[in-house]
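Participant: build me a model from this:
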Amino acid sequence: MQLREIVNAATADEPPLAHSVDDIVAAGRRAERRRRAGFASAGAAGLVAIAVGSVFALSPGGGQTPTGTGVVGAASKATAARWGASEPFTFTFQGYDAGKFQVQDPIVASTAYQIASVYETGRITNDKPSSSDGATGSIEDKKKGGGDPSLYAYLTVYRPGAFDPSGIKGGKAVTVSGHKAVQATLPVGLDPEGSVDPRNKQLAWEYADDAWAVVTSISGDADDPSFADLGELATGLKPSTPRPAMVPFTVGYTPSGYQPVQSGTNALPGLDGIATAREGDFGGATFARPAPAVTGLTAPFDSGENGIKGSFHIFVTPSRNSNQQAQAGKTKCYANGFCNVWSADGEVQVQVSDPGTGADLPEAELKKIAQSVKVADVTDESTWTPAAKALRP
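Facilitator: The predicted structure is shown next:
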C-alpha cells in the first residue's frame, strides 16, 4: 500500500469527520506491520508516523505570522523554574499530570526536540496491541460500541531556537498561564490549503526564552479537549535534571555522511514510537544524509508527507512484534528494502530499513549496518548506552 492510498482511505469519505482518530492510527499501524511483513513497497517504512503524523501534523506556513490575541486557561505569572542547557538526545523533563491529562515520560529524542505521549482521563489511545477488553479501547471494540472515546496526542518540547511559531499556518496568538502562545486548528489530510477539522488542535507556548513546547491533539470529539483544556499542560511542564536518552544497542557502521537525527527509548524513533508507545519495543534510531535543519521547525522531522529525506531506520524490537518469522542467530534481507538480524535465541530482532526517502541504500549496505548493531541486555537498562554515543560509530 502506498502512502496516498492510506491517506485516501483515512480522509476520502464525506463528511470530513467520518473517520475516527482510532481509524487513522490503526491504518498507520497496519501499514507498518505490512512493511515489516514484506508486503508493502520499499517506501512504506515509517508509515505509522506519516499516516498518523502527516495526515494531521501542522504544515509549514511559509513564514506567516500568527494573528489575533486571546487567553487560554487562567493567566498567571510564568513559571520561574530554570531550564538548563539542552543538548541533543537529552531528556529535560519528566512525565506529569495536568488537570485531566497524564503526560508520559518522553521516549523520543532528537537533535532538536523530545516527544512524550499525552493521555486523557476517560479517553483511550490505541498505542498498544489490541485486545478484546473494552477498557483497552481496541479498534474492534469501538466498532461494536465499546471502549472509551479516543485521543491521539503528544507533547513536543523543542530546544531553544528550534521552533518557529511564525510558521504556524492559521495560528492565533494567545496567552497561556502567562506564556506567549499560538493555537491552531489542523487541516484534514495532507493538503495545507484544505479545510480544517475542529477535532484536530495544536497549541504551542514559550516555556523559556526562545524555547517552545507544542501539544498536538487529534480527538474523536471537537469539544474535548478544548484549547483551554490543552492550556493546562503549560502549567505543569517543569524542568528536570537533564538525562541522556538511552538505547539498548550501539552502531558499528553507517555509510559516509549519515548522521543520527532521532532515537527511541523503549520505543521506535520519531512519531512511529509515539503511535506504538506501548507495544513493548526496545529502541531505535533514524539516520539521515543530510541531517535535517534544527531551526525553523513547526513539527517533528518525520511529520512531512515524505518523512525525513535521505533517511534509514534501525529498529530493535521483540521478534514477536514482527510478522517475519524469527530465524535465531541468522541475517536475512528482503526485496522491500530492509534486513533483519536475530539474536542467538531468536527473541530480539534488529531491523535496518530504507523507507524510500532518497537514501537508496543497496542491500549490501543495509546488511552491513544491521550486522554492525550490537544489542545490550534489553531487560537491563543499566547496560544501555546514551544515544549521542551509541549512534556514532
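
Participant: quick check: end-to-end length of stretch 221-238?
Facilitator: 29 Å (Cα to Cα, to the nearest Å).

Participant: now do the buried residues in stretch 159-166.
Facilitator: For stretch 159-166, burial by neighbour count (16 or more other Cβ atoms under 10 Å) applies to Arg159, Ala162, Phe163, Asp164, Pro165. The way it works is simple: take the backbone N, C-alpha and C, and place the C-beta from them, glycine included.

Participant: which one's the longest strand in this protein?
Facilitator: Counting residues, the longest strand in the chain under DSSP state E turns out to be strand 196-208.

Participant: on the three-state scheme, the residue nearest the centre of the chain is what?
Facilitator: By Cα atoms, centre = their mean, the chain has its centre lying nearest to Leu271, at 1.7 Å. Per DSSP: H, G, I helix; E, B strand; the rest coil, the local secondary structure of Leu271 is helix.

Participant: what of Gly231?
Facilitator: Going by three-state DSSP: Gly231 is helix.

Participant: am I right that it is in contact with Thr175?
Facilitator: No - using Cβ atoms under 8 Å, Gly231 is not in contact with Thr175; the gap is 9.1 Å.

Participant: pick out whichever of these two has more residues nearby.
Facilitator: Set Gly231 next to Thr175 and count neighbours by other Cβ atoms under 10 Å: Gly231 wins out with 27 against 19.

Participant: let me see the domain layout of the chain.
Facilitator: Using automatic domain parsing, the domain parsing of the chain gives 3-56, 71-236, 246-390.

Participant: now render those domains as a markdown table, adding mean pLDDT.
Facilitator: Shown next, in a markdown table, are the domains of the chain (pLDDT from 0 to 100):
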| stretch | mean pLDDT |
| --- | --- |
| domain 3-56 | 36 |
| domain 71-236 | 84 |
| domain 246-390 | 95 |
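
Participant: please point out which parts of stretch 338-355 sit buried.
Facilitator: Within stretch 338-355, judged by 16+ other Cβ under 10 Å, the buried ones are 338-343, 348-355.

Participant: equivalent analysis for stretch 289-302, please.
Facilitator: Quick answer for stretch 289-302 (16+ other Cβ under 10 Å): Arg289, Ala291, Pro292, Val294, Leu297, Thr298, Ala299, Pro300, Phe301, Asp302.

Participant: from the residues you listed, pick the one nearest Pro242.
Facilitator: Using Cβ to Cβ, Val294 is the member of the buried residues of stretch 289-302 that lies nearest Pro242, at 17.4 Å.

Participant: correct me, but the closest one touches Glu87?
Facilitator: No - if you go by Cβ under 8 Å, Val294 and Glu87 don't touch, sitting 11.9 Å apart.

Participant: quick revisit: in TSV: the buried residues of stretch 338-355, plus secondary structure and distance to Trp205.
Facilitator: TSV is the format used below for these (DSSP: H, G, I helix; E, B strand; the rest coil; distance: Cβ to Cβ, whole Å):
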residue	secondary structure	distance to Trp205
Phe338	strand	39
Cys339	strand	42
Asn340	strand	42
Val341	strand	43
Trp342	strand	45
Ser343	coil	44
Val348	strand	40
Gln349	strand	40
Val350	strand	39
Gln351	strand	37
Val352	strand	38
Ser353	strand	35
Asp354	coil	37
Pro355	coil	32
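
Participant: farthest pair in the residues you listed?
Facilitator: Ser343 and Pro355 (23.8 Å).

Participant: the buried residues of stretch 289-302: which two are farthest apart?
Facilitator: Top of the distance list for these (Cβ to Cβ): Arg289 and Thr298, 22.8 Å.

Participant: strand partners of the strand or helix carrying Leu186, parallel vs antiparallel please.
Facilitator: Using DSSP states H and E, Leu186 sits within strand 179-187. Sheet pairing of strand 179-187 (DSSP bridges) gives strand 172-176 (antiparallel), strand 196-208 (antiparallel).
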